[in-house]
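give me a model of this one.
(one chain, ligands or ions: 1)
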Amino acid sequence: MSGIAIITGSVSARSKTSALAARIAARLVREGFRVTTIHVRELPAEDLLFGRVDSPALADAARVVAEADGVVIATPIYKASYTGALKAFLDLLPQFGLAGKAALPLATGGTLAHVLAIDYALRPVLQSLGARHVVAGLFLLDKALRLGEDGLLDVDDDLGSKLEEIVKPFIDSVIRQGLPLPAREVAA
Ligand SMILES: Cc1cc2nc3c(=O)[nH]c(=O)nc-3n(C[C@H](O)[C@H](O)[C@H](O)COP(=O)(O)O)c2cc1C
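Residues are numbered from 1 along each chain as shown. Below is the predicted model:
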């Protein structure tokens, strides 16, 4: 069974981004993946800031990423980019910590002015970490996301089909990486 690591970058306890990530997690579990979610806000802040990679909580989180076949990164946009908390965690990963993995970038934000933050901010860092395939991501406006009392995301048909559109290529990419390369590519 392939493993997926989901990394959420919100610092809020009641987070629309984390609710979005939970929805994606449930979809991936239904598909048969083993899913582990790392909420960066739950990692020890001082260890994160001081780059203590050997702290047990950070070492565990890094191991989850290392062992995953695919990674979903879900972040709110802060100051036109992904959050500093997320960056602190990504900085602790090895230089090519996403090598061989499929990656799905997700962002929530308050303004469409920053809809491209996925492409100009998040995608380059995933590529620099060696991700094999960064699939098309999704930016959602916070006002389009509603949380229920239980903290779960209300998903109407429109949102449901947007999520399906981005999850399917990610699943295909994770599955494809387990397949042998065509002979022509191996010989090259
Ligand atoms: C400190 C801070 C900075 C923000 N900066 C931006 C921004 O530059 N662009 C934007 O679109 N939204 C910005 N937002 C809005 C959040 O991205 C948006 O509300 C997001 O959905 C919050 O996600 P969460 O509920 O998971 O924390 C900012 C919010 C905060 C708290």
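
spell out which parts of the protein neighbour the ligand.
10, 12, 15-18, 76-80, 108-111, 114, 142 (Cβ under 6 Å from any ligand atom). To be clear about C-beta, it is placed using only N, CA and C from the backbone, and glycine gets the same treatment.

so which of these are in helices?
Those of the residues of the chain next to the ligand mapping onto helices are 16, 17, 18, per DSSP state H.

and the strands in the chain?
3-8, 34-39, 70-76, 102-109, 133-134, 138-141, 146-147, 153-154 (DSSP state E).

can you list those strands in JSON lines and add mean neighbour count, distance to residue 51 and mean pLDDT?
Output for the strands of the chain, formatted as JSON lines (neighbours: other Cβ atoms under 10 Å; distance: least, Cβ to Cβ, whole Å; pLDDT from 0 to 100):
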{"stretch": "strand 3-8", "mean neighbour count": "24", "distance to residue 51": "17", "mean pLDDT": "98"}
{"stretch": "strand 34-39", "mean neighbour count": "19", "distance to residue 51": "17", "mean pLDDT": "98"}
{"stretch": "strand 70-76", "mean neighbour count": "27", "distance to residue 51": "19", "mean pLDDT": "98"}
{"stretch": "strand 102-109", "mean neighbour count": "25", "distance to residue 51": "22", "mean pLDDT": "98"}
{"stretch": "strand 133-134", "mean neighbour count": "22", "distance to residue 51": "25", "mean pLDDT": "97"}
{"stretch": "strand 138-141", "mean neighbour count": "18", "distance to residue 51": "29", "mean pLDDT": "98"}
{"stretch": "strand 146-147", "mean neighbour count": "14", "distance to residue 51": "33", "mean pLDDT": "96"}
{"stretch": "strand 153-154", "mean neighbour count": "16", "distance to residue 51": "33", "mean pLDDT": "96"}
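
out of the ones you listed, which is closest to residue 54?
Ranking these by proximity to residue 54 (Cβ to Cβ) places strand 34-39 first, at 17.1 Å.

next one: that closest one to chain centre, how far?
10 Å (Cα atoms, centre = their mean, to the nearest Å).

can you list the strands that that strand pairs with?
As defined by DSSP bridges, the strand partners of strand 34-39 come to strand 3-8 (parallel).

the strand it pairs with to strand 70-76, inter-axis angle?
Angle, strand 3-8 to strand 70-76, by axes from the mean of the first three to the mean of the last three Cα atoms, to 10 degrees: 10 degrees.
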